[in-house]
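J.: what follows is a predicted structure for the sequence shown.
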Amino acid sequence: MDTASLAPAETRRAAGRLFFWLGIAVGVLAVAGYVVQILYFKYLVTPWYLPFVGTLGLVLLLAAVMRQRSWGRILASGFFVLLAGFEWLFVFVFCNLPGYDGPVSVGYPFPEFTTSRADGSPVSRDLFRNDKHNTVLVFFRGRW
């Protein structure tokens, strides 16, 4: 079949179909990429790419709607508006850590503490008081 023999409505519909499926693929791959990042690579960082790629998928879907309006395209665009909105909210609201308000500050002495080592022996601040070197205390919570 020759493409020159297609009616104008069919040509517009075919061009919109490419944007539609590309938009869905980009939007779904953004979420799938984050799932793979967490479950497979175990890389727990803020997914800054997620809202940008999700919004790109939404723009492609909106381009498909502009080419040819149909209920399926409008509903898919509405779903991706919600998805992209949640992705922006997730990255900029839910992933924000609160500011540190703890007792340790630069220029002030380390507060009094007592804890135990893995072997059960006690450790306190007094153990490090007469140390002539700078000391770094690291609390390793383990992996689980």
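T.: The structure has been received and is ready for your questions.

J.: who are the packing partners of the biggest helix by length in the chain?
T.: Longest helix in the chain by number of residues (criterion: DSSP state H): helix 8-39. For helix 8-39, the packing partners by 3 or more Cβ pairs under 8 Å, 6 or more residues apart in numbering; DSSP states H and E come out as helix 49-67, helix 71-89. No exception for glycine: its C-beta is placed from N, CA and C like everyone else's.

J.: how about a markdown table for those helices, with distance to Asp101, mean pLDDT and mean neighbour count added?
T.: Below are the helices and strands packed on helix 8-39 laid out as a markdown table (distance: least, Cβ to Cβ, whole Å; pLDDT from 0 to 100; neighbours: other Cβ atoms under 10 Å):
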| stretch | distance to Asp101 | mean pLDDT | mean neighbour count |
| --- | --- | --- | --- |
| helix 49-67 | 29 | 95 | 20 |
| helix 71-89 | 25 | 95 | 16 |
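
J.: ok, which of those comes nearest Phe19?
T.: helix 49-67 (3.8 Å; Cβ to Cβ).

J.: could I have the closest one exported to CSV, CA atoms only?
T.: The C-alpha atoms that make up helix 49-67 are tabulated as CSV, following Å, rounded to 0.1, in the frame of the first residue of the first chain:
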residue,chain,number,x,y,z
TYR,A,49,15.9,11.7,36.1
LEU,A,50,12.4,10.3,37.0
PRO,A,51,10.2,13.5,36.8
PHE,A,52,12.1,14.8,33.7
VAL,A,53,11.7,11.5,31.7
GLY,A,54,8.1,11.2,32.9
THR,A,55,7.3,14.7,31.7
LEU,A,56,8.9,13.9,28.4
GLY,A,57,6.5,10.9,28.1
LEU,A,58,3.6,13.2,28.9
VAL,A,59,4.7,15.8,26.3
LEU,A,60,4.8,13.0,23.7
LEU,A,61,1.3,11.8,24.7
LEU,A,62,0.0,15.4,24.5
ALA,A,63,1.5,15.7,21.0
ALA,A,64,-0.4,12.5,20.0
VAL,A,65,-3.6,14.0,21.4
MET,A,66,-3.0,17.2,19.4
ARG,A,67,-2.6,15.1,16.2
